[in-house]
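# output the structure for:
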Amino acid sequence: MKARLLWFVAICFSLSAFGQQAKHTFKLGETNFLLDEKPFQIISGEMHYPRVPKEAWRARMKMAKAMGLNTIGTYVFWNLHEPQKGKFDFSGNNNIAEFVKIAQQEGLWVILRPSPYVCAEWEFGGYPYWLQNEKGLVVRSTEKQYLEEYKKYIIEVGKQLAPLQINHGGNIIMVQVENEYGSYAADKNYLDINRKMFIDAGFDGLLYTCDPAADVKDGHLDGLLPALNGIDNPAKIRQLVNENHKGKGPYFIAEWYPAWFDWWGTPHHTVPAAEYTKKLDSVLAAGISINMYMFHGGTTRDFMNGANYKDISPYEPQTSSYDYDAPLNEAGNATDKFMQFRAVIEKHLPEGQKLPVVAAAKPSIAIEPFKLGSKVALFNALPKAVKNITPLTFEDLKQDYGYVLYRTTIKGGKKGELQIKQLRDYALIFINQKRIGILDRRLNQNTLALDLPEGEVQLDIFVENMGRVNFGKYLLENKKGITEQVTFNGTEVKNWSMYGFPFNNDSINITNPSKTNGNGPTLQKGSFQISTVADTYLDMTDWGKGVVWVNGHNLGKYWAIGPQQTLYIPQEWLKKGKNDIAVLELIKPDQNILKAIDQPILNTLKKLNVD
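Residues are numbered from 1 along each chain as shown. Presented below is the predicted three-dimensional model:
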């Protein structure tokens with residue numbers, strides 16, 4: 001009876017404490033943000049929930065506190081939460097409400113960026129692929145269908161997150177409307193529709209816009225705070241904000257870049273901390289608020305990397321590692337940049353406040369070489385074909401990511417030029433299941449000289465979606481696969497069979513593990529044993545190009561051209577004893593030995609020999 005009474009008292013106390021949770025206010029002052037009517041300087045770092053295993057969210061947030069941050073910034077990713085039209089998912093690693101609540105438990109405020117467009121080096125800038133199947137739909141516009149789908153999405157996001165705003169007892173202090181819209185267009189009516197949609201979805205707290213300094217005039221909406229990206233000159237910041245905000249502040253750098261991201265075939269980007277410590281010091285000394293992009297980059301997994309493409313530069317698909325040379329590295333360990341930034345922030349702490357101790361780097365392990373036990377050529381495990389006179393895009397096939405095999409037959413006994421018009425993005429070409437060439441959109445390749453054998457010839461084109469463009473005007477031209485036509489010697493090639501390999505998981509039947517065909521892509525499976533669970537890095541330097549899954553988790557893509565040469569395996573996804581692994585290898589089908597090392601390789605570039 002006594003135990004029951006104590007239990008009842010404890011429950012009542014818990015409910016009472018919850019009901020009496022401290023309420024706060026957050027508003028704009030003339031020059032400062034005001035938290036509970038007192039000046040408050042936001043010292044924030046960007047960290048995206050899908051780029052970090054949910055089991056590690058809390059640990060990363062503790063590191064944010066240890067560096068001196070008081071706030072976390074994150075986008076919300078439409079294509080994660082509505083991967084197929086009308087089917088919403090806020091579970092598991094997509095549980096952004098849980099992410100926000102953990103931040104509150106760790107004493108961190110949150111800046112939320114739920115615009116349907118995020119950029120973020122993310123597939124299609126965050127838009128779900130299926131929007132392109134809505135005929136006439138135009139993203140980032142007032143087109144009716146787009147606004148209808150956008151409204152459905154933002155209402156669902158509001159159900160998850162609007163109750164967590166500071167004016168409702170939560171820790172979300174600001175919500176961003178659109179994202180760098182001034183770099184795309186200048187339709188103020190569209191921006192105002194955004195604002196109204198956010199309010200209708202329950203986001204009734206403090207709203208703001210963010211744009212690069214050169215575009216703030218086009219991207220700012222009257223009545224909202226204009227935040228700035230990519231600038232850290234205090235005088236210039238004040239001038240630009242005052243010009244666009246009726247002569248008032250506060251002053252907020254929404255994206256401050258202490259580093260940069262990587263794309264395939266270019267060196268790993270690094271920026272010494274010393275180049276930024278004085279700038280950080282001057283910004284904080286001036287009382288200006290800041291959000292570091294990125295504080296912690298993490299990893300872009302599950303085919304979610306984006307790409308850049310402009311008229312003045314080639315197609316540039318981004319790597320899976322989003323290490324970003326950020327203060328907190330890909331594995332969540334403090335870097336020298338972390339410590340130097342912490343020292344700067346420490347100088348500007350309120351009197352009497354001390355920072356938590358910085359956690360030591362997590363241990364990491366190496367794994368001895370091991371052989372994968374089973375292998376099947378994808379050409380021996382084809383799914384049901386879709387047939388059409390002309391090739392269909394991924395979108396036509398209702399396939400979001402991954403790969404499609406296009407197959408047909410042509411008459412042989414002649415030489416000529418094969419052309420794939422508007423290839424998106426990377427194609428392996430096979431004649432009678434022997435690979436005879438590769439076409440790479442990065443290199444503006446779309447033609448290949450063929451010398452066909454006599455008789456009827458089987459032509460296979462295995463196409464990889466390497467990431468939809470995430471920035472600029474080509475958001476409207478983001479379909480994947482063979483998006484126009486295939487010609488041989490100027491004559492259109494017709495009558496195609498198409499086989500989809502979305503690989504939304506690694507479950508493909510291996511019916512004949514020992515059987516291989518030609519030198520096409522292979523899926524291999526195996527396992528490895530560990531006695532200690534810790535972070536590790538798969539060393540893929542001897543492999544060609546592909547994807548790896550461990551215990552069902554997609555680790556991302558590898559490609560021998562670099563700069564990324566290893567795949568980070570977080571300790572949270574490993575277990576003592578047996579761990580399952582699967583590798584999709586596109587161009588080196590005979591490779592079957594894997595190993596792991598205790599540190600990443602992010603700075604090796606090489607020319608890939610696939611002959």
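
# which stretches of the chain have low pLDDT?
Applying pLDDT under 70 to the predicted model, the residue ranges of the chain that meet it are 1-21, 505-518, 608-611.

# let's see it at 50
For the chain, applying pLDDT under 50 flags the ranges 1-20, 506, 514.

# quick one, helices of it?
Assigned helices in the chain, in chain order: 2-19, 57-67, 78-81, 96-105, 144-161, 188-200, 216-219, 234-244, 274-285, 336-347 (criterion: DSSP state H).

# burial count for Q485?
14 (other CB atoms under 10 Å). The way it works is simple: take the backbone N, C-alpha and C, and place the C-beta from them, glycine included.

# same question, Q353
As a burial measure, the neighbour count of Q353 was computed by other CB under 10 Å and equals 8.

# repeat for Y129
Neighbour count of Y129, defined by other CB under 10 Å: 22.

# quick check: closest non-adjacent residue to it.
What sits nearest to Y129 in space, not counting adjacent residues and going by CB to CB, 6 or more residues apart in numbering, is D400, at 4.6 Å.

# would you map the strands across the stretch 401-550 of the chain?
When secondary structure is read from DSSP state E, counting those that start in this stretch, the stretch 401-550 of the chain shows strands at 403-411, 415-420, 423-424, 426-431, 434-440, 447-451, 456-464, 481-482, 486-488, 491-492, 496-501, 522-530, 536-539, 545-550.

# nearest to K337, out of those?
strand 536-539 (20.1 Å; CB to CB).

# quick one on the thing from earlier: of all the helices of the chain, which one is nearest Y558?
Across the helices of the chain, closest to Y558 is helix 78-81 (CB to CB), at 22.3 Å.

# packing partners of the closest one?
Judged by 3 or more CB pairs under 8 Å, 6 or more residues apart in numbering; DSSP states H and E, helix 78-81 is in contact with helix 144-161.

# distance from the helix it packs on to the middle of the chain?
Once both centres are worked out by CA atoms, centre = their mean, to the nearest Å, helix 144-161 turns out to sit 21 Å from its chain's centre.

# contacts for it, please.
Outside helix 144-161, the residues that touch it by CB atoms under 8 Å, 6 or more residues apart in numbering are 76, 78, 81-82, 85-86, 88, 90, 96-97, 100, 112, 114, 116, 131, 134, 136-140, 172, 193, 197-198, 200-203.

# which residues does the spatially closest residue to R435 that is not a sequence neighbour contact?
Excluding its sequence neighbours, the residue lying closest to R435 (CB to CB, 6+ apart) is N519, at 4.9 Å. N519 sits next to 434-435, 589 when contact means CB under 8 Å, 6+ apart.

# cool, and P83?
Here P83 is in contact with 89, 128, 400 (CB under 8 Å, 6+ apart).

# my read: the second one touches E82, true?
Translated: P128. Yes - under the contact definition of CB atoms under 8 Å, P128 touches E82, with a separation of 5.5 Å.

# okay, and the beta partners of the residue nearest to K387 when sequence neighbours are not counted?
Among residues not flanking K387 along the chain, S497 sits closest, at 5.3 Å (CB to CB, 6+ apart). For S497, the beta-bridge assignment (DSSP bridges) gives partners K387, R407.

# distance of L397 from D598?
As defined by CB to CB, to the nearest Å, L397 lies at a distance of 41 Å from D598.

# neighbour-wise, which of these two wins?
Neighbours were tallied for L397 and for D598 using other CB under 10 Å; the higher tally belongs to L397 (18 against 13).

# can you tell me the closest non-neighbouring residue to that one?
Spatial nearest neighbour of L397, excluding adjacent residues (CB to CB, 6+ apart): G500 at 5.6 Å.

# what's the burial count for that neighbour?
The local packing of G500 (other CB under 10 Å) involves 21 other residues.

# D396 is in contact with that one, correct?
No - the pair formed by G500 and D396 falls short of the contact definition of CB under 8 Å, at 10.7 Å.

# ends of stretch 355-373, what's the gap?
End-to-end distance for stretch 355-373, by CA to CA, to the nearest Å: 50 Å.

# what's that stretch in contact with?
59, 62-63, 65-68, 331-334, 338-339, 342, 345-346, 349, 513, 524-528, 530, 532, 534-537, 571, 581, 583, 592-599.

# what separates that stretch from the chain centre, distance-wise?
Relative to its chain's centre, stretch 355-373 lies at 23 Å (CA atoms, centre = their mean).

# report the buried residues of that stretch.
Of the residues in stretch 355-373, those with enough neighbours to count as buried (16 or more other CB atoms under 10 Å) are 358, 364-365, 367, 370, 372.

# and what of stretch 312-324?
315-324.

# determine which two of these are furthest apart.
The most widely separated members of the buried residues of stretch 312-324, counting by CB to CB, are Y315 and D323 (21.9 Å).

# how many neighbours does the nearest residue to P589 once chain neighbours are set aside have?
Setting aside the residues directly before and after it, P589 is nearest to T522 in space (CB to CB, 6+ apart), at 4.5 Å. Applying other CB under 10 Å, we find 26 residues neighbouring T522.

# residues contacting T522?
Applying CB under 8 Å, 6+ apart to T522 gives the contacts 375-378, 516, 584-585, 589.

# partner residues bridging it?
When bridges are assigned using DSSP bridges, the partners listed for T522 are A377, E585.

# distance of it from I461?
As defined by CB to CB, T522 lies at a distance of 18 Å from I461.

# what of G170?
Remark: distance between G170 and I461 (CB to CB) = 51 Å.

# between these two, who's got more neighbours?
When G170 and I461 are compared for neighbours, I461 comes out ahead with 25 against 22, by other CB under 10 Å.

# so who does that one touch?
Applying CB under 8 Å, 6+ apart, we find I461 in contact with 405-407, 420, 427-430, 482, 486.

# so which of those residues is the closest to Y276?
In terms of CB to CB, no member of the contacts of I461 lies closer to Y276 than A427, at 41.0 Å.

# can you point out the buried residues in stretch 276-286?
Applying a neighbour-count criterion of 16+ other CB under 10 Å, the buried positions in stretch 276-286 are 276-277, 279-281, 283-284.

# now stretch 484-503
By neighbour count on 16+ other CB under 10 Å, the buried set for stretch 484-503 is 484, 486-488, 493, 496-503.

# which among those residues gets closest to H296?
Distance ranking of the buried residues of stretch 484-503 against H296, using CB to CB, places F503 first at 27.0 Å.

# hmm, that closest one is touching G402, no?
Yes - at 4.5 Å, F503 and G402 qualify as touching, with contact defined as CB under 8 Å.

# contact partners for the closest residue in space to Y403 that isn't next to it in sequence?
Nearest in space to Y403, with sequence neighbours left out and distances taken as CB to CB, 6+ apart, is F501 at 4.3 Å. In this structure, F501 makes contact with 378, 383, 402-405, 508, judged by CB under 8 Å, 6+ apart.

# which two from those residues end up farthest apart in space?
Most distant of the contacts of F501, by CB to CB, are V404 and I508, 14.3 Å apart.

# who's more crowded, those two?
Neighbours around V404 and I508, counted as other CB under 10 Å, are more numerous at V404. The numbers are 24 against 16.

# can you pull the contacts of that one?
Neighbour list for V404: 394, 397, 462-463, 481, 498-501 [criterion: CB under 8 Å, 6+ apart].

# please redo it, this time with the cut-off set to 10 Å
With contacts taken as CB atoms under 10 Å, 6 or more residues apart in numbering, V404 has the following neighbours: 386, 391-394, 397, 461-465, 480-482, 498-502.

# same question, Y293
Shown in contact with Y293 (CB under 10 Å, 6+ apart): 44-47, 73, 120, 229-230, 253-261, 324, 326.

# so which of those residues belong to strands?
Within the contacts of Y293, residues falling in strands by DSSP state E are 44-47, 73, 229, 253-256.

# export the residues you listed as JSON lines, with columns for neighbour count.
Converted to JSON lines, those look like this (neighbours: other CB atoms under 10 Å):
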{"residue": "S44", "neighbour count": "28"}
{"residue": "G45", "neighbour count": "29"}
{"residue": "E46", "neighbour count": "24"}
{"residue": "M47", "neighbour count": "29"}
{"residue": "G73", "neighbour count": "25"}
{"residue": "N229", "neighbour count": "23"}
{"residue": "I253", "neighbour count": "25"}
{"residue": "A254", "neighbour count": "29"}
{"residue": "E255", "neighbour count": "23"}
{"residue": "W256", "neighbour count": "22"}
